[in-house]
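K.L.:
any chance you can model this:
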Amino acid sequence: LKPNEMEFIDEIAIQLTENTFGEDTFENYRGNKGRVHFKEQALDFYNERYDEIESLYINLIKNK
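P.N.:
Reported below is the predicted structural model:
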(Lines give C-alpha, C1' and ligand atoms only; values in the text may rest on other atoms or scores of the structure.)
Protein backbone atom coordinates (compact mmCIF):
# COMPACT_ATOMS: atom_id res chain seq x y z
CA LEU A 1 0.00 0.00 0.00
CA LYS A 2 1.05 3.58 -0.59
CA PRO A 3 1.79 5.78 2.44
CA ASN A 4 -1.39 7.83 1.97
CA GLU A 5 -3.49 4.64 1.86
CA MET A 6 -1.87 3.40 5.07
CA GLU A 7 -2.47 6.80 6.69
CA PHE A 8 -6.14 6.63 5.68
CA ILE A 9 -6.53 3.16 7.24
CA ASP A 10 -4.62 4.27 10.34
CA GLU A 11 -6.89 7.29 10.85
CA ILE A 12 -10.04 5.16 10.66
CA ALA A 13 -8.60 2.59 13.07
CA ILE A 14 -7.57 5.33 15.52
CA GLN A 15 -11.03 6.91 15.42
CA LEU A 16 -12.72 3.56 16.05
CA THR A 17 -10.35 2.90 18.95
CA GLU A 18 -10.92 6.33 20.49
CA ASN A 19 -14.69 5.92 20.12
CA THR A 20 -14.51 2.57 21.90
CA PHE A 21 -12.05 3.34 24.70
CA GLY A 22 -12.52 7.09 25.17
CA GLU A 23 -10.18 8.43 27.82
CA ASP A 24 -8.69 4.95 28.25
CA THR A 25 -7.20 4.94 24.74
CA PHE A 26 -3.84 6.59 25.40
CA GLU A 27 -1.33 7.01 28.21
CA ASN A 28 1.75 9.20 28.54
CA TYR A 29 4.98 7.62 27.42
CA ARG A 30 7.40 7.35 30.33
CA GLY A 31 10.22 9.87 30.22
CA ASN A 32 9.01 11.87 27.22
CA LYS A 33 6.67 14.71 28.05
CA GLY A 34 3.95 15.16 25.49
CA ARG A 35 4.40 11.74 23.90
CA VAL A 36 1.54 9.30 24.21
CA HIS A 37 0.91 5.74 23.11
CA PHE A 38 -1.97 3.31 23.18
CA LYS A 39 -2.79 1.49 26.39
CA GLU A 40 -2.41 -2.27 26.01
CA GLN A 41 -6.09 -3.16 25.43
CA ALA A 42 -6.56 -0.20 23.10
CA LEU A 43 -3.49 -1.23 21.11
CA ASP A 44 -4.83 -4.76 20.66
CA PHE A 45 -8.17 -3.33 19.51
CA TYR A 46 -6.43 -0.86 17.15
CA ASN A 47 -4.31 -3.62 15.58
CA GLU A 48 -7.37 -5.79 14.98
CA ARG A 49 -9.33 -2.91 13.43
CA TYR A 50 -6.36 -1.87 11.28
CA ASP A 51 -5.99 -5.40 9.90
CA GLU A 52 -9.74 -5.67 9.22
CA ILE A 53 -9.93 -2.29 7.47
CA GLU A 54 -6.76 -2.96 5.48
CA SER A 55 -8.16 -6.28 4.29
CA LEU A 56 -11.48 -4.70 3.30
CA TYR A 57 -9.69 -1.87 1.50
CA ILE A 58 -7.49 -4.25 -0.46
CA ASN A 59 -10.32 -6.64 -1.37
CA LEU A 60 -13.04 -4.09 -2.12
CA ILE A 61 -11.18 -1.07 -3.49
CA LYS A 62 -7.51 -1.66 -4.30
CA ASN A 63 -7.95 -4.85 -6.32
CA LYS A 64 -10.93 -3.70 -8.39
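
K.L.:
so what's the gap between the strand or helix carrying residue 16 and the chain middle?
P.N.:
According to DSSP states H and E, residue 16 maps onto helix 3-21. Relative to its parent chain, helix 3-21 has a centroid offset of 4 Å by C-alpha atoms, centre = their mean, to the nearest Å.

K.L.:
pull out the buried positions in the following helix or strand past that helix.
P.N.:
Going down the chain from helix 3-21, the next helix or strand is strand 26-28, by DSSP H and E. Judged by neighbour count (16 or more other C-beta atoms under 10 Å), strand 26-28 contains these buried residues: residue 26. For every residue, glycine as well, the C-beta is placed using N, CA and C.

K.L.:
packing partners of the very next helix or strand once past strand 26-28?
P.N.:
Using DSSP H and E, the helix or strand that follows strand 26-28 in sequence is strand 36-38. Applying 3 or more C-beta pairs under 8 Å, 6 or more residues apart in numbering; DSSP states H and E, we find strand 36-38 packed against strand 26-28.

K.L.:
now the strand it packs on: mean pLDDT?
P.N.:
On average, the pLDDT along strand 26-28 is 88.

K.L.:
then stretch 54-64?
P.N.:
93.
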